[in-house]
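J.: No sequence on hand, only this structure:
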């Protein structure tokens, strides 16, 4: 399968029925533990997040399926940071499910992966590296989560994280987030290796990116002693309408004129859920499930489906899968070509 399509698209579908022997599950890892409730960012409400430059070091993360992951730390040093973002629509302030969120930032010494850059230790070539960059799809509540390392600062910029939000592969927001000064500097002056460079000399108010205001980009920052990690959250408003609807009523526009995709129902779900879709023309259908690190863990295939309404039933137990969130991707092959979409199914916490 051309897995890069899994990142470039944002919707999925199913098939008429589960065919005995057609499902293949392979997952030797335990599913992620349920996350605590989302901690909303204190300000902003339903106001669009300000647009900011993508910076001098953006990459097209969708070009490499390995970027689809929650844990983006790799071998980087520093304090663990669990970053949670909730994407909401400005039309009704509800969560935007299935948005794609790309996030990236520098390491503790101020360097970005994928580029040759200058920071505290002089020039470094990290062109082949991919650390501290990742992609996630928003769940039924519009939430995404990344496990990363707290970023350092480099001359001229306050500590920050870059992010972009896509809806159906269309870029809706490019922005940056920052952190409260007191909490940030307490970390930077007490945790290695940040203590080498000390407190951030640039506050958000002094930073040229945030000089016009940063209330809507100021993330929370707290310490979880039990987990030995820092927690940060931000609510991001984009153009659009959040929804809690499910089923065919929530179908996205036709994909290549070949099919329409519904959100799995119920969603969130405990163990069983159904994926509705409509085929404009008959064809071969494959449904694949991916875990939050982009690994394909199950596949359901059915050839020769007729045009019309269909659905596929998903039973995590029968597929041998842990209770966790999964991205599901529908691939339709017919006389007109190959067409794909993917969405996220959310397990009940």
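T.: Received, thanks. Just so we're clear, the structure is a prediction, and the values are computed from it rather than from any experiment.
J.: Can you give me the domain boundaries for this protein?
T.: For the chain, whose domains are defined here by automatic domain parsing, the residue ranges read 4-29+244-345, 61-238.
J.: possible to save those domains as JSON lines with mean pLDDT, distance to residue 46 and mean neighbour count?
T.: In short, each C-beta sits where N, CA and C put it, glycine included. Below are the domains of the chain laid out as JSON lines (pLDDT from 0 to 100; distance: least, C-beta to C-beta, whole Å; neighbours: other C-beta atoms under 10 Å):
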{"stretch": "domain 4-29+244-345", "mean pLDDT": "77", "distance to residue 46": "16", "mean neighbour count": "19"}
{"stretch": "domain 61-238", "mean pLDDT": "96", "distance to residue 46": "4", "mean neighbour count": "19"}
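J.: for those domains, which one sits closest to residue 51?
T.: domain 61-238 (5.8 Å; C-beta to C-beta).
J.: still on that earlier bit, can you lay out the domains of the chain as TSV showing distance to residue 52?
T.: Formatted as TSV, the entries for the domains of the chain read as follows, by distance: least, C-beta to C-beta, whole Å:
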stretch	distance to residue 52
domain 4-29+244-345	23
domain 61-238	5
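J.: So for residue 53, which of these sits nearest?
T.: Nearest to residue 53 among the domains of the chain is domain 61-238; the distance by C-beta to C-beta comes to 7.0 Å.
J.: so where does the residue nearest the centre of the chain fall, helix or strand?
T.: For the chain, the residue lying nearest the average C-alpha position, counting by C-alpha atoms, centre = their mean, turns out to be residue 136 (1.6 Å). Here residue 136 is covered by strand 133-137, with elements defined by DSSP states H and E.
J.: Same check on residue 101?
T.: strand 100-104.
J.: helices and strands around the strand holding residue 136, which ones?
T.: strand 100-104, strand 143-149, strand 337-345 (3 or more C-beta pairs under 8 Å, 6 or more residues apart in numbering; DSSP states H and E).
J.: helix or strand right after the second one?
T.: Read it as strand 143-149. Immediately after strand 143-149, counting by DSSP H and E, sits strand 160-167.
J.: relative to strand 100-104, how tilted is that following strand?
T.: Orientation check (axes from the mean of the first three to the mean of the last three C-alpha atoms, to 10 degrees): strand 160-167 against strand 100-104 gives 160 degrees.
J.: got a list of contacts for the strand holding residue 136?
T.: Contacts with strand 133-137, where a contact means C-beta atoms under 8 Å, 6 or more residues apart in numbering, come from 7, 10, 59, 61-62, 67-72, 98-104, 113-114, 144-146, 148, 292, 327, 342-344.
J.: Mind doing that once more with 6 Å?
T.: Residues from elsewhere that reach strand 133-137 (C-beta atoms under 6 Å, 6 or more residues apart in numbering): 61, 67-69, 72, 98, 100-104, 144, 146, 327, 344.
J.: re the thing from before, out of the helices and strands packed on strand 133-137, which comes closest to residue 175?
T.: strand 100-104 (10.8 Å).
J.: Direction included, what does the closest one pair up with?
T.: Listed by DSSP bridges, the sheet partners of strand 100-104 and their directions read strand 133-137 (antiparallel), strand 160-167 (antiparallel).
J.: what's the spacing between the closest residue to residue 188 other than its chain neighbours and residue 151?
T.: Leaving out its chain neighbours, the residue that sits closest to residue 188 by C-beta to C-beta, 6 or more residues apart in numbering is residue 194, at 4.4 Å. Here residue 194 is placed at a distance of 10 Å from residue 151 (C-beta to C-beta, to the nearest Å).
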